[in-house]
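Participant: Give me the fold of what follows.
(one chain, ligands or ions: 1)
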Amino acid sequence: MVSDVSTPAGPRAVTAVAPAKINLHLAVGDVRADGFHELVTVYRAVDLWEQVTVAFEVPGRGEGGTAGARGVGGGARGATVVARDDGPGGCDDDDIAVTVAGPGADQVPTDRTNLAARAVALLREEAGSDARIAIRIRKGVPVAGGMAGGSADAAAALVATDRLLGLGLGRAELEQRAARLGSDVPFCIRGGTALGTGRGEELATLLHARAEQHIVVALADGGLSTPEVFAELDRLRTERGEAGQAGGRREDAGQSGGRALPRAGRTDQLVQALAGDDPAAIAALLINDLEPAALSLAPGLRRTLRAGLEAGALHGTVSGSGPTCLFFCRDREHAIAVAAEISESGVCREVRITHGPVGGARIIDGPGPGPGPDPVPGPAADTRPVAGVGSTAGPGATADVVDHPTGK
Ligand code: C5P
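Facilitator: Take a look at the predicted model:
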């Protein structure tokens, strides 16, 4: 289960993967005193993966490209240099070096704000370790796309670093650390399908929600900032006199005047529908309170949503805070047809086909997600090739991809 080189004292490098998330239901309450919003969400992990390798920097070797890229290759300062942490969650650039590869890599920070670096710093401090650690991230989830790519990096980094440093934390303990790093990070560790409450970090797995769902993912040019999308929702609600109605049912929303914003109600019906395998029944219950805010900041997404519905998708929505759009389909063949039509219409940068639920973060030993030590519910990743469309390259990234022939 451990990649790269091992020594009797333990592994020198560990690689883990973690999945993207989508929100089948995303109900956003009002802003709390701590600046977060109270959420009720139904998370689902889908078959797009971030891959993270954590490695000790070894004297005389300069682990992988990372150390060399940062000018500390050759191990001149070795693995026993005294750490200069910034405190919990912080990291010193000299002690934790980050490199990122894959689509959108240039948009990912490699300094102490990188979530994987914060995850490594957190566990390194807990282990009382002063080791210099190199992190290599391979992106398979859209950057700033509303699918928790950064959170998946943190999740994979936690799982890998736990093994690298021999901490032996259980999944629950890792999820508890994950919640300190971000609202979606615990779910990226857990995977499957889960109800999320609090700010999204309190999870209850929906064991019965196992029927496979096929989804077309339309990637946009550029990203949206999650805090800005939440702030825009607050602004729209205030403007329309809808603030303070958290928990109200969708049909009650915005009665005070102006055009009503959707206000996701209870999850009961969706949770019940997820026990079955009727994709249309499930699609009819999907809702995302952040969608109007994302559309307000990126109005061009309306065209993408329209194109997906015209292509015959059962339901189209912005993914989380966007700008990625999701189209829910009857089955795999339907998803391929919808993806091809969206791709033809030229409304987005790239189209992929994915499916869920899949398991959560796990250590891998080779090219693709393997069973973790503590598997979570959900079918194994589907790596079958699809005739007529390409496949994303890279370990762990197994979704099919349809590149738009002409670009946007
Ligand atoms: O938890 P995370 O760091 O991923 O959140 C990023 C930002 O998204 C927060 O700083 C906050 O602005 C917003 N957010 C929120 N309410 C949540 C989750 C996130 O307002 N429940």
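
Participant: which parts of the stretch 1-150 of the chain sit against the ligand?
Facilitator: Applying Cβ under 6 Å from any ligand atom, one finds that the stretch 1-150 of the chain approaches the ligand through F36, H37, L39. Where C-beta positions appear, they are placed from N, C-alpha and C, glycine not excepted.

Participant: These in strands, which ones?
Facilitator: Members of these lying in strands (criterion: DSSP state E): H37, L39.

Participant: Format the residues of the stretch 1-150 of the chain next to the ligand as JSON lines; extra columns: pLDDT and neighbour count.
Facilitator: Formatted as JSON lines, these follow (pLDDT from 0 to 100; neighbours: other Cβ atoms under 10 Å):
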{"residue": "F36", "pLDDT": "95", "neighbour count": "16"}
{"residue": "H37", "pLDDT": "96", "neighbour count": "20"}
{"residue": "L39", "pLDDT": "95", "neighbour count": "22"}
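
Participant: Tell me where the stretch 301-408 of the chain has strands.
Facilitator: In the stretch 301-408 of the chain, the strands defined using DSSP state E, counting those that start in this stretch lie at 315-318, 325-329, 350-356, 362-363, 390-391, 400-403.

Participant: Please identify the pairing partners of the third one and their relative orientation?
Facilitator: Strand 350-356 pairs in its sheet with strand 213-219 (antiparallel), strand 400-403 (antiparallel), by DSSP bridges.

Participant: same thing with the first one?
Facilitator: Taking DSSP bridges as the criterion, strand 315-318 sits next to strand 325-329 (antiparallel) in its sheet.

Participant: Output the partner strand as CSV, restricted to C-alpha atoms.
Facilitator: This file holds the C-alpha atoms of strand 325-329, laid out as CSV (Å, rounded to 0.1, in the frame of the first residue of the first chain):
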residue,chain,number,x,y,z
CYS,A,325,-21.8,22.8,-14.0
LEU,A,326,-23.2,19.3,-13.4
PHE,A,327,-25.7,17.5,-15.6
PHE,A,328,-27.4,14.4,-14.1
CYS,A,329,-28.2,11.6,-16.6
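
Participant: Would you point out which residue of the stretch 201-350 of the chain is nearest the ligand?
Facilitator: For the stretch 201-350 of the chain and the ligand, the shortest gap (Cβ to the nearest ligand atom) falls at P227, measuring 3.4 Å.

Participant: Show the backbone phi and psi for the spatially most central residue of the chain.
Facilitator: Here the mean C-alpha position of the chain is nearest to the C-alpha of A148 (Cα atoms, centre = their mean), at a distance of 2.6 Å. When read as degrees, to the nearest 10, the backbone of A148 gives phi 70, psi 40.

Participant: Next one: it from A218, what distance?
Facilitator: A148 is 17 Å from A218, where distance means Cβ to Cβ, to the nearest Å.

Participant: pLDDT below threshold where in the stretch 251-400 of the chain?
Facilitator: Residue ranges of the stretch 251-400 of the chain with pLDDT under 70: 251-260, 262, 365-400.
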